[in-house]
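Enquirer: coords please:
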Amino acid sequence: MQRIIALDMEGVITPEIWIAVASHTGLPELRLTTRDEPDYHKLMGHRISILSEHGIGLGLIREVISELDLLEGARDFLEQLRKQYQVVVLSDTFEQFAGHFMDLLGYPHLLCHRLELDDDRITHFVPRVEDAKLKAVLSYQGQGYHVTAIGDSHNDIGMLSQADASCLFRAPAGLPEKYPNLHCLEAYHDLSDWIGNIPEQ
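Expert: Numbering: from 1, shown residues only. Predicted structure coming up:
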């Protein structure tokens, strides 16, 4: 059976963008991520409200992103994966945020959301579809693919639960205990070995 590897982006192959923005602006309210808040709509509403309150626009966020590098080892990990499998990045980031990281990663296939803007001001976010990661996995399976999914946060659980093989990678404390049926790994070499040892179906 043909295989697709579905990866979350932030926390798996890139740093968390919003934590970097929080550090740059000195606004701890922006440090909340999907590791902390499972309801993505609520989380994004909170973020957009904070940005509006403090006059922070897309330009500043892009400046912050441009200074970030990939997680150490991520580029080599992804390059090796792409030599052996079809790889898709399923992310809750936005088209307007992702360009810098896609350039560093050699433009893998990315499915993500987009932002609505009023000049530089972020006004809304537009989900690709609801439960986008889960629906992507279901779609690939419907085309006969074996899907291996890797994520790190609450918003990845839908795709991880649906995938044919799943792993939490560098997950926050408490999440592995909540989902003991999922593999949990901390290093790229262990992740590569695990992927390579998944039985063919």
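
Enquirer: for Val12, what are its contacts?
Expert: Leu71, Ala74, Ile150, Gly151, Asp152, Phe169, Arg170 (C-beta atoms under 8 Å, 6 or more residues apart in numbering). C-beta coordinates here come from the backbone N, C-alpha and C atoms, glycine included.

Enquirer: secondary structure class for Glu116?
Expert: strand (DSSP: H, G, I helix; E, B strand; the rest coil).

Enquirer: Skipping adjacent residues, who's closest to it in space?
Expert: His124 (4.2 Å; C-beta to C-beta, 6 or more residues apart in numbering).

Enquirer: next SSE after the strand or helix carrying the one you found?
Expert: Assessed by DSSP states H and E, His124 sits inside strand 121-126. The element immediately downstream of strand 121-126 (helix or strand, assigned by DSSP H and E) is helix 132-142.

Enquirer: Can you list the buried residues in that next one?
Expert: Neighbour counts over helix 132-142 (16 or more other C-beta atoms under 10 Å) mark Ala132, Lys133, Leu134, Lys135, Ala136, Val137, Tyr140 as buried.

Enquirer: send the alpha carbons of it over as CSV?
Expert: Provided in CSV are the C-alpha atoms of helix 132-142 (Å, rounded to 0.1, in the frame of the first residue of the first chain):
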residue,chain,number,x,y,z
ALA,A,132,-9.1,20.2,8.5
LYS,A,133,-6.4,17.8,9.6
LEU,A,134,-8.8,14.9,10.3
LYS,A,135,-10.6,15.5,7.0
ALA,A,136,-7.3,15.5,5.1
VAL,A,137,-6.4,12.1,6.7
LEU,A,138,-9.8,10.7,5.8
SER,A,139,-9.4,11.9,2.2
TYR,A,140,-6.0,10.3,1.7
GLN,A,141,-7.3,7.1,3.2
GLY,A,142,-10.3,7.3,0.8
